[in-house]
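Enquirer: whatever this is, show me its structure:
(chains A, B, C and D)
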Amino acid sequence: MITHNKKLLIGLSILLLMVIVSIIGVLLTPPELRRTGSFLPRLPPGEEGGLLGTDALGRSVAIQIVEAILKSLLVGLIAAALGTFLGALIGFSAGYFGKLIDAVLRVFIDVFLAVPSLLFLILIASLMRGVALPAVALIIGAFAWASPARQVRGQVLSLKERAFVQLSRLSGMSGLEIIFRELMPNMFQWLGANFVNAFIAAILAEAGLSLLGLGPQNDITLGMMIYWALGYGAILQNLWWWWMAPVFALIALFLSLYLIHLGLDEVMNPRLVVRA
Amino acid sequence: MTTSLLEVRGATKIFARGLVRKQITVALREFSLAIPHEPPVIATIAGESGSGKTTLARLVLGFLSPTSGQILYKGKELTSLSRSEWFDYRREVQAIFQDPYEVYNPFYRVDHVLQVVIEKFRLAQGRQASRALMEESLQVVGLRPGEILGKYPHQLSGGQRQRIMLARAFLLKPRLIVADEPVSMLDASLRAMVLDIMLKLKRDFGISFLYITHDLSTAYQISDTLCILYRGAVAEIGRAGAIIETPKHPYTQLLVESIPVPHPRLKWRGLIELPPEQEIGTVSTSGCAFADRCPHVMAVCRASPPPLFAVGEDQSAACYLYASAATAAETATGARGGPH
Amino acid sequence: MAAYLKYLAERFALFIATIVISVTVVFIVPRLVPGDPLGAVFLSLAQMGGSMNATELVAEYTRRFGLDKSLWEQYISFLAQLLQGNLGYSIASFPSEVADLLRNSLPWTIGLLTVTTLLSWVIGSLAGAVVGWRGSGSRFLQALVPLALILYATPYYILALLLIFLFAFHWPIFPLSGNYSVTMTPALTLPFIADVLHHAFLPALSIVLVSLGWWFLSMRSLIGALKGEDYILLAEAKGLPERRILWRYAFRNALLPQATGLALSLGHVVGGALITEVIFGYPGLGWLIYNSIKGLDYPVIQGSVLLIILSVAVANFIIDIAYPLIDPRIRQAAPD
Amino acid sequence: MGALAAEPVLTVRDLVVHYHTPRGPIKAVEHVSFDVYKGERFGLVGESGCGKSTTAMALLRLIKPPGRIETGEVRLEGRDLLTLKPDELRTLRWRDLSLIPQGAMNSLNPVMRIREQIEDVIICHEGRPSPAELAERVHKLLNMVGLPRRVTTMYPHELSGGMKQRVCIAMAIALNPKLVIADELTSALDVVVQRVVIQTLMEVQERLGTSLIVIGHDMGLQAQLVDRLAVMYAGRIAEIADAITIFEQPLHPYTRLLIASVPSTKEKKPLQAIPGLPPTLLNPPPGCAFHPRCPAAFERCAVEVPRLQEVAPKHQVACHLFSERIS
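Expert: All right, here's what the predicted structure looks like:
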């Protein structure tokens, strides 16, 4: 099924390629080369500057970028996992239990859907100066549950009305059993697609925070790379390799994730598949 | 007097929607029906959309509870059943539904619906025994197990899927099966097969049916007793043959006349008109629900809902036209359905 | 009508809930952060030696917001101040009030975002409709799809960077930053307006291009889905000209969700492109927040966040009450 | 009795429609031929997936990819619809050949008033008349199908299913076409409303003298409604004859079983089902597609596809039981 979808295939290939190259790159880098001043500053890509040149502080852009890709992905992964988990939990409770629980949770879902979560992130991050990478990821994740929650709730509501749930009750299944044996299996692949969505949003949020100066100060993510580059006037000094490397890495990352997202959509949406 | 297997006694179900202003729908009004222990019967509830027939099915299955009135299983109210009694109820009262696709979890093979029943009700020990049981029940409904087991629901036809549902219910050897529009989504050529199995289960295994349908012709063919619902209220109740052959309630008459007879020489006679309100909004009335459409409407019809009047042997109609012919038969034997 | 009133009541309750919950979150957050964030802010301020009247500021704050009282009382006085539109003082530029700072930045943000949102919506929707309708028929139209996809997948600030590099640095056609030249005096004169437009062009373009991709894709898929509707098929059977079917039948039905999208993003104009402003040094809210972060000016950050939340909530509320009036399908039966 | 004039309005010859799926072509319509005469009510009956609706859509040339009309001829008063240029086709649609669609529920544009949707066909085919004239025409049409004037300014969602169906009837006769195709007219309606809608349609059709093709699965409705009837099975026509002949002297075993399987309210009799399963059109059985379920099948049925042949005056059957009798 997966290999039949071109979008999914291309998206996964780009993503995997980036991850593999980055991992190899990080593993091959001796720690002493990561330090500031390991290289001559401001070297363009080429023989002396290495593959991607060096920045104003004498660090190799290539060495930074492989690490930044992995760190950005890590932030996305943690945040998306947390957000999807919380969202699934909240959405599931709202949809399954209904009544008052649903009413209360729905208000929260709607509120957090309406307010751009970047704002809360700015607020928190600006109070916790110099947050570390896991903290950034957790904060992003903590505000990324609203959209999956709404969707899971809708999904559960519609599944709950399906006749097979009624039949399960007639077959003597308890509420919990219906959740785990009848509803959950139908949610898995669907939660997967949601996870990709949250992944994209989390990486986007991290980069945004970093550009505002609220990223993980002691770690190098793609957003932080751009932040430093801009802070040191990379554009005005024509150090294009410094800021362009993370910019194009981000574009490639987003493109691959969107392709995966669209591909999953097509694979799962029966309306797009020709019925026989 | 012995108690019935299942008795619905004066059940009313009101749905209220809305927080600020309640919108009240009376889905079922003062409904009574009894299914006897013996002999097995096919009791049919027929009506158009919005007649309350599906509400009744859901009440009987315990998915809803009545606003007032009672549903009694072997003389005990459903809401007061203990855990083990409820378990017995589930074993003895089963159901098949309208859409033979939606009842299957798309994630599982069709075996799942049979497996769960065997497992939950501990019908067999071990894989082989349960497989044998599944095969046996599939054969009862005329399916070849080899062609069915291991398939996903979308790989089977509607008729096959509905018959698996019957096989599933049969596994439990229930006393009663609630069949909610079981054939309305099937093609004509397959419809008869499912109805035939219902007849067979009644005849050979003593299983009664509460057959919910909008189709009077299938009701005529298979049911013993018939109850015509109109907007939540009983219009006519009694022996199925009598009601279809000599309908007494004006609504039943309209309904029976409107069934397209599959013969070009027996065409509809006369034109009928629907009052425009009928199609646009709902008319509420404190009297007979049919009063607005009834050609014989009288003042009394709008005043209070008519009780059941006996209009023949094993036939009663909720219509004031028959008030003079008989005394009100609110406790009439025929009114409760089952033959004795 | 009763249904609509009931719906209105529900929406209004949600609107109030949104405001109360967000204001509470904004109030709670600094107090949840370990340590004494406000104290830390003052401390770092003192370290920077930037503020002239640190003690006066602290005193003023403590008085107004009751920082020495219980949490509950603090919350009440916080709400009371808020209701009067008082967002406190800027720390970095005391005694400027936060509200005044916001008032200066807001017009630039609103101006930039409103124009770009409308523009990209119109272009994107029209193009998306045409491509969605006869997409597979033309290779040229098909080629627009991956282009839009790439645009949409690109974060808007990334595109901003590329545009700055190309058209402000490499080919310096447009200014690198700012909203108008320092040599200009703000007035309603032609040269000044031209200068403002010149400065706004690149930020605007970056926003238009990215959101164009989204509107295009969304309209295209809406139209694509509508193509299978029975009423479109019947319109074709009716022998209507194709153009009429597209615009009167398909487009009109797709317009509703698309317009909802527009309304939603108009609600987000205030906080829509904070980072673009940072990159272009455009003195809107985003720039203000960025500078406040750098200057540890927490009251200003808090005020900006509150302002954006409020504007989003108001916009959502307006959409909610207007939606049933626009869509005949739910005009009578308000949605769940 | 039905066909008064012997002059056909519509002739369909050898129509073939396939849906091209990744798993192979679905042979939805295979070599279908029939005539519809002037003023006649012609029924096309069959069970789900037998190709009756696809046939209807093919007559209007509304088959969408992956479906395709492979071959055939559809002549409306002599003009072959399948070879018309798009512009000619567009002007002919609705003026000469209109449709009462399956599922009227979703066939009206939800954001246009009823009036606008009916006006659309008049304006596009006849040019814009004066507003008063236009309003008068719309009103007259709605009146003809028994709808009150206030419906004109309503939106589809404000109408009940039966009313929507009547709006569709009014729209279909707006230009007084030569032929109206009604596809599963009443499948979602209650039995009383169904009767009212069908009465309305018959009344209007008789008044205008239009020819009518009624597509459906319900033998009872067909018996009430049509003069002549074609029974379809697995993409092919099994039998064509006038309605009384079909119901009183059916020849094709499928027709016989189909009629027998319809429960009656006149007499109680054992229920009769057709054994076996309907074939898949992706992979139909060789020979006569009905042979695996046919009680009268013999060797030839499994090898050779029976041709539709006239076995009695105006009575055509596609069955080897009768093709032998002729040859």
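Enquirer: for the chain, what spans make up the helices?
Expert: I went with chain A, as the question did not name one. All helices of chain A, identified by DSSP state H, fall at A:6-28, A:61-97, A:99-114, A:117-127, A:133-142, A:146-160, A:163-170, A:175-177, A:184-211, A:222-231, A:240-268.
Enquirer: that's the wrong chain, I meant chain D
Expert: D:52-59, D:86-92, D:114-126, D:131-144, D:161-172, D:191-208, D:219-225, D:243-248, D:253-260, D:299-303, D:320-326.
Enquirer: and the first one, what does it pack against?
Expert: Judged by 3 or more CB pairs under 8 Å, 6 or more residues apart in numbering or on different chains; DSSP states H and E, the packing partners of helix D:52-59 are strand D:8-21, strand D:24-37, strand D:41-45, strand D:67-76, strand D:179-183, strand D:211-216. (C-beta placed from N, C-alpha, C; glycine too.)
Enquirer: before we move on, back to that, tabulate the helices of chain D (TSV), appending distance to A:Glu206 and mean pLDDT.
Expert: Formatted as TSV, these follow (distance: least, CB to CB, whole Å; pLDDT from 0 to 100):
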stretch	distance to A:Glu206	mean pLDDT
helix D:52-59	52	93
helix D:86-92	53	92
helix D:114-126	51	93
helix D:131-144	60	92
helix D:161-172	52	90
helix D:191-208	59	89
helix D:219-225	64	91
helix D:243-248	72	94
helix D:253-260	66	93
helix D:299-303	68	92
helix D:320-326	74	72
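Enquirer: can you redo those helices as CSV with mean neighbour count?
Expert: CSV is the format used below for the helices of chain D (neighbours: other CB atoms under 10 Å in any protein chain shown):
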stretch, mean neighbour count
helix D:52-59, 25
helix D:86-92, 14
helix D:114-126, 20
helix D:131-144, 15
helix D:161-172, 26
helix D:191-208, 20
helix D:219-225, 24
helix D:243-248, 20
helix D:253-260, 22
helix D:299-303, 14
helix D:320-326, 15
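Enquirer: list the residues that contact A:Gly76.
Expert: Residues near A:Gly76 by CB atoms under 8 Å, 6 or more residues apart in numbering or on different chains: A:Ala137, A:Phe199, A:Ile200, A:Ala202, A:Ile203, A:Glu206.
Enquirer: for it, give me the pLDDT.
Expert: pLDDT, A:Gly76: 93.
Enquirer: in chain C, what residue comes closest to chain B?
Expert: Proximity to chain B, evaluated over chain C using CB to the nearest CB, is greatest for C:Lys6 at 4.2 Å.
Enquirer: other SSEs contacting the host helix or strand of that residue?
Expert: Assigned by DSSP states H and E, C:Lys6 belongs to helix C:2-32. When contacts are defined as 3+ CB pairs under 8 Å, 6+ apart, helix C:2-32 packs onto helix A:99-114, helix A:117-127, helix C:37-48, helix C:71-83, helix C:298-326.
Enquirer: check whether the fourth one comes into contact with chain A.
Expert: When you say that, I think you mean helix C:71-83. No. Using CB under 8 Å from any CB of the partner chain, helix C:71-83 stays clear of chain A, coming no nearer than 14.3 Å.
Enquirer: tell me how far that helix lies from the chain's centre.
Expert: 27 Å (CA atoms, centre = their mean, to the nearest Å).
Enquirer: need the contact list for residue 244.
Expert: Looking at chain A here, since you left the chain open. So A:Met244 contacts C:Phe165 (CB under 8 Å, 6+ apart).
Enquirer: right idea, wrong chain: chain C
Expert: C:Ala235, D:Asp120, D:Cys124.
Enquirer: the second one contacts C:Lys238, doesn't it?
Expert: Yes. Because the distance of 6.7 Å satisfies CB atoms under 8 Å, D:Asp120 is recorded as touching C:Lys238.
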